[in-house]
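# how does the following fold in three dimensions:
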Amino acid sequence: MYLIEFDSKDAAYHFSIEEYFTRFMKLLKPVLMVWQTDKTVMLGNNQVVLSEVDRDFAHSMGISIIRRSSGGGAIFTDTGTVLYTMIEPLLYDNKTHREQTADIIIDALKSLDIKAVQEGRNDILLNGKKISGLAQYSSGNHICTHGSLLYDTDLEVLTNVLIANENKLHPKGITSIRSRVTNIKPNISENLSIEDFIKKIKIELLRGKDFLEYEINENDHAMIRNIYKEKYSNENWNFRM
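Next up, the predicted model:
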């Protein structure tokens, strides 16, 4: 396994790294990324911005709006959220890769006495409420599976920036969004900072695995910057619908 760590909280740059390793590098060993962002709404590939995001509120709060290449719903992340990415050769169907990644995350959480469970197609729950969602995209013979962990995310901002899907949430509105999600931090006995939680979760994710830290070189950076410029930082991509 390769571990990639990059000191940036720009979601667009991390999505560019993901795409570079999924579509171009295609390493034979899995790649793990554990990362964070500043305040960001991450849209699914096929979502319509105005249907998912209160853009006036996002602008007033300095929240970036970035479209990812995977499907799924819109999510809000900030420096209280932990993002994880697994990029690997496509050996099975997408569902199997997604479930395997979910199992890895759940096992790591359980090692920290956080009794999370998978529910439905994409969600990880704690005490009946969502703490993580997974999404995927593939390219040729490689697949990227990624997700977020709500550790100490600002749930008030989350409920105000995301527009409720009235067909799925009852009762309607942001109250329903707020009732479906929870943070990990208030549900554990240890009062861990986000930095300490990341250290612990990373130790558990890597436990028993042979791993190398992948050093991104200048050629990698050039390719990643090009993806960043042409796609993830480009308004034509992020606001195309």
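
# drop to CA atoms for contacts and neighbour counts, all remaining ones
Noted.

# which strands and helices sit next to the biggest strand by length in the chain?
Counting by DSSP state E, the longest strand found in the chain is strand 129-139. The helices and strands touching strand 129-139, judged by 3 or more Cα pairs under 8 Å, 6 or more residues apart in numbering; DSSP states H and E, are helix 94-111, strand 123-126, strand 142-150, helix 174-180.

# if we go to 6 Å?
strand 123-126, strand 142-150 (3 or more Cα pairs under 6 Å, 6 or more residues apart in numbering; DSSP states H and E).

# let's have the ones you listed in JSON lines, adding mean pLDDT and mean neighbour count.
Output for those, formatted as JSON lines (pLDDT from 0 to 100; neighbours: other Cα atoms under 10 Å):
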{"stretch": "strand 123-126", "mean pLDDT": "96", "mean neighbour count": "20"}
{"stretch": "strand 142-150", "mean pLDDT": "98", "mean neighbour count": "24"}
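
# all the helices of the protein, residue numbers only.
Secondary structure of the chain (DSSP state H): helices at 11-19, 49-52, 55-60, 94-111, 155-161, 174-180, 194-206, 218-227, 235-238.

# coming back round to it: turn the helices and strands packed on strand 129-139 into CSV, columns for distance to E230.
Below are these laid out as CSV (distance: least, Cα to Cα, whole Å):
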stretch, distance to E230
strand 123-126, 31
strand 142-150, 20
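
# got the phi and psi for the closest residue to N46 other than its chain neighbours?
Distances taken as Cα to Cα, 6 or more residues apart in numbering put G71 closest to N46, at 6.6 Å, once the chain neighbours are dropped. Main-chain dihedrals, G71, degrees, to the nearest 10: phi -80, psi -150.

# how much space separates G71 from L43?
8 Å (Cα to Cα, to the nearest Å).

# who's more crowded, these two?
Using other Cα atoms under 10 Å, the more surrounded residue of G71 and L43 is L43, with 25 against 16.

# what's opposite that one in the beta bridge?
R67 (DSSP bridges).

# going forward can the numbers begin at 529, since that is how I track them
Yes, from this point I'll number from 529; that puts the last item at L571.

# my guess is it contacts G600. True?
No. If you go by Cα atoms under 6 Å, L571 and G600 don't touch, sitting 8.0 Å apart.

# common neighbours of these two, please.
Residues touching both L571 and G600 (Cα atoms under 6 Å, 6 or more residues apart in numbering): none.

# show me the contacts for G661.
By Cα under 6 Å, 6+ apart, the contact set of G661 is N650, D651, G675.

# can you pull the contacts of the second one?
Neighbouring residues of D651 by Cα under 6 Å, 6+ apart: S660, G661.

# same thing with the first one?
The neighbourhood of N650, defined by Cα under 6 Å, 6+ apart, consists of G661, L662.

# R753 versus that one, what's the distance?
For N650, the distance to R753 - Cα to Cα - is 30 Å.

# same thing with the last one?
For G675, the distance to R753 under the criterion Cα to Cα works out to 23 Å.

# still on that earlier bit, can I get the longest strand of the chain in PDB, CA atoms only?
These are the backbone C-alpha positions of strand 657-667, laid out as PDB (Å, rounded to 0.1, in the frame of the first residue of the first chain):
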ATOM      1  CA  LYS A 657     -27.300   8.500  12.500                       C
ATOM      2  CA  LYS A 658     -25.000   9.000   9.500                       C
ATOM      3  CA  ILE A 659     -21.300   9.800  10.100                       C
ATOM      4  CA  SER A 660     -20.000   8.900   6.700                       C
ATOM      5  CA  GLY A 661     -21.000   8.400   3.100                       C
ATOM      6  CA  LEU A 662     -19.000   6.700   0.300                       C
ATOM      7  CA  ALA A 663     -18.900   7.500  -3.400                       C
ATOM      8  CA  GLN A 664     -16.900   6.000  -6.300                       C
ATOM      9  CA  TYR A 665     -15.700   6.400  -9.900                       C
ATOM     10  CA  SER A 666     -13.500   4.200 -12.000                       C
ATOM     11  CA  SER A 667     -11.200   4.600 -15.000                       C
END
